[in-house]
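> this one's structure only:
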């Protein structure tokens, strides 16, 4: 992608002359936003209704949200599942960020034999999605490592991040070499350089990656489904499935309350880091 | 699943600022170790297992060479699943990209409140496929879902969304498109905002209509990001659909030789962890690995040759 200056972007409007009417755009966007949000708005309303109203066509919010939430929170172990997911998602996010920073540091600021091979191995890992490997991974983790039903089983295999390594590498390469030279002459070791200079210069990338990795960790489904047999270690996405499974009578108000609460942590992370998320992708050079 | 577009355009400039023979390996060790143990070792074991007729529960193993592959490729059920996956992927990727490009284009116009629209368009990124499945399951529940309540009140019909093959397939496809919109819009918004404003302005001054500006100028300039998204969306359709289908339809309803919303990864899970046909599942995994490798190679080759990479 071509390099653009910030000035040329702000001076010229993205497109469409300014004198065109804007109400059709507003209308189209409002409709789109409504359609996209409809399932969530509907879930929000139903989550607040008494069980008699949940199954009716009524779309008037009720006052039973906390009652509904309470029944899944403790009754269906949602609280337990949420805590497990939080532990997993935070560990995966922090671990991936640290490991990716270290790997990118090695790739950008060192020259060493077999660097190409090491880089190739990281690159190639993108071609091997975990979903495809679950048969052998299950065998390895449950039989050889005996990690079934442990947090390690759903954290450790996901700590390496090719995406993170590439994004940090790309970002570091856009930082002038002179900075690293100056740091070295001032007696900085590579780790000091990383923590004192590179990381503070990389908050957008760190923020964007944190969103992606937290959402990835939080959304894990197929692997916890097969490796976690013990209910008290299960993650919330699989827990959601169990809410629906329970016998013939599904308490939909409670399920909707559960779904809403399940969506909250990633939404919080997303909202907090929204600026970085939109800006931090290494799609363009002008960050 | 997210992969950086940047990885493709890797500048090869060397900047060996720090010295040390072992230090870089110390930094790389955690990443390489985890990749070796949890990615490469399982990949090799998958290939080995694919050559056995194995059952993890009984602990039996019998070498069958390419037998598993022959069985799979000649099985009408697997052929049907492969075809369904293809149709689902094509519909999801094309539908999803068209919608998101249109929406990103609209939301990047210089109008009041554009920032709010953008935020409202991309926040569903934070919703998981499992939540998407749960919400859609309730919306389209034949008896109590709001969709049928509206349809019943206005048209006196109440389709069996999850039991009618064509409707279930369409529903999963729509849900999958809906789930993917936010991710695609993020990337399209970033790229549209970085389009060269002077080129667009020049086209307008030369009398191009907005439609011409979009199709003749903007669309070609956006081709690199479109290619990137085509490939990430194919991967997402192949793998992220699991949670969605597992919750929404459980792979059903059954039609012909298999469930109509049973896609490759769902079949792999079924054979591996429900039917305990470990060897057959490993062979499917090997085929899927080949598929992903093929897609990735295509991404690099097509991306290099056909795509306009800016000035």
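Here it is on my side, so go on. As the structure is a prediction and not an experimental result, all values here were calculated from the model. Residues are numbered from 1 along each chain as shown, chains lettered A, B, ... in the order given.
> skipping its backbone neighbours, what lies nearest residue B:177 in space?
Among residues not flanking residue B:177 along the chain, residue B:96 sits closest, at 4.5 Å (C-beta to C-beta, 6 or more residues apart in numbering or on different chains). (Each C-beta comes from the backbone N, C-alpha and C, glycine too.)
> OK, contacts around that neighbour?
Taking C-beta atoms under 8 Å, 6 or more residues apart in numbering or on different chains, we find residue B:96 in contact with B:176, B:177, B:180, B:181, B:184, B:233.
> now do the contacts for the fifth one.
Taking C-beta under 8 Å, 6+ apart as the criterion, residue B:184 is in contact with B:96, B:97, B:100, B:101, B:104, B:229, B:233.
> three-state assignment of the residue nearest to residue B:177?
In three-state terms, and counting by DSSP: H, G, I helix; E, B strand; the rest coil, residue B:96 is helix.
> surely residue B:159 is in a helix?
No - according to three-state DSSP, residue B:159 belongs to no helix; its state is coil.
> count the residues that sit near it.
Other residues lying near residue B:159 total 15 when counted by other C-beta atoms under 10 Å in any protein chain shown.
> next helix or strand past the helix or strand bottoming out on mean pLDDT in chain A?
None of the helices or strands of chain A scores lower by mean pLDDT, DSSP states H and E than helix A:6-11, at a mean of 39. Toward the C-terminus, helix A:6-11 is succeeded by helix A:23-47 as the next helix or strand (DSSP states H and E).
> could you say what helices and strands the next helix-or-strand element following that following helix packs with?
For helix A:23-47, the succeeding helix or strand toward the C-terminus, using DSSP H and E, is helix A:51-54. With contacts taken as 3 or more C-beta pairs under 8 Å, 6 or more residues apart in numbering or on different chains; DSSP states H and E, helix A:51-54 sits against helix A:252-272.
> helices and strands around the helix it packs on, which ones?
When contacts are defined as 3+ C-beta pairs under 8 Å, 6+ apart, helix A:252-272 packs onto helix A:23-47, helix A:51-54, helix A:65-73, helix A:78-109, helix A:203-219, helix A:236-245, helix B:129-139.
> out of the ones you listed, deepest packed?
helix B:129-139 (a mean of 25; mean count of other C-beta atoms under 10 Å in any protein chain shown).
> coming back round to it: and the helices and strands packed on helix A:252-272 as a markdown table, adding mean pLDDT and distance to residue A:253?
Listed next are these as a markdown table, based on pLDDT from 0 to 100; distance: least, C-beta to C-beta, whole Å:
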| stretch | mean pLDDT | distance to residue A:253 |
| --- | --- | --- |
| helix A:23-47 | 91 | 6 |
| helix A:51-54 | 80 | 4 |
| helix A:65-73 | 87 | 5 |
| helix A:78-109 | 95 | 14 |
| helix A:203-219 | 91 | 24 |
| helix A:236-245 | 87 | 11 |
| helix B:129-139 | 92 | 10 |
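> what's the closest of the ones you listed to residue A:269?
Closest to residue A:269 of the helices and strands packed on helix A:252-272, according to C-beta to C-beta: helix A:203-219, at 4.8 Å.
> what's the burial count for residue 121?
Picked chain A for this. 18.
> think we crossed wires, I meant chain B
Neighbours of residue B:121 (other C-beta under 10 Å): 24.
> residue B:70 now?
Using other C-beta under 10 Å: residue B:70 sits among 12 other residues.
> nearest to chain A, of the contacts of residue B:96?
Nearest to chain A, judged by C-beta to the nearest C-beta, of the contacts of residue B:96 is residue B:181 at 6.4 Å.
> show the contacting residues for that closest one.
A:36, B:96, B:99, B:100, B:103, B:121, B:124.
> quick one: residue A:239 from residue B:134, how far?
11 Å (C-beta to C-beta, to the nearest Å).
> my bad, should have said residue B:237
Relative to residue B:134, residue B:237 is positioned 20 Å away (C-beta to C-beta).
> so residue B:249 versus residue A:208, what's the distance?
From residue B:249 over to residue A:208 the distance is 33 Å, taken as C-beta to C-beta.
> kindly report the same for residue B:195.
21 Å.
> what does residue B:20 give?
30 Å.
> and residue B:251, by the same measure?
35 Å.
> try residue B:260
38 Å.
> give me the number of residues near the closest residue to chain A within chain B?
Using C-beta to the nearest C-beta, the closest approach of chain B to chain A is made by residue B:197 at 2.9 Å. Per other C-beta under 10 Å, the neighbour tally for residue B:197 reads 19.
> roughly how far does the closest residue to residue A:69 other than its chain neighbours sit from chain B?
Using C-beta to C-beta, 6+ apart and skipping the chain neighbours, the partner closest in space to residue A:69 is residue A:257 (4.4 Å). As judged by C-beta to the nearest C-beta, to the nearest Å, residue A:257 and chain B stand 11 Å apart.
> go on, residue A:155?
Applying C-beta to the nearest C-beta to residue A:155 and chain B gives a distance of 11 Å.
> residues in contact with the closest residue to that residue other than its chain neighbours?
Of all residues not flanking residue A:155 in the chain, residue A:91 sits nearest, at 4.8 Å (C-beta to C-beta, 6+ apart). Residue A:91 is in contact with A:151, A:155, A:217, counting by C-beta under 8 Å, 6+ apart.
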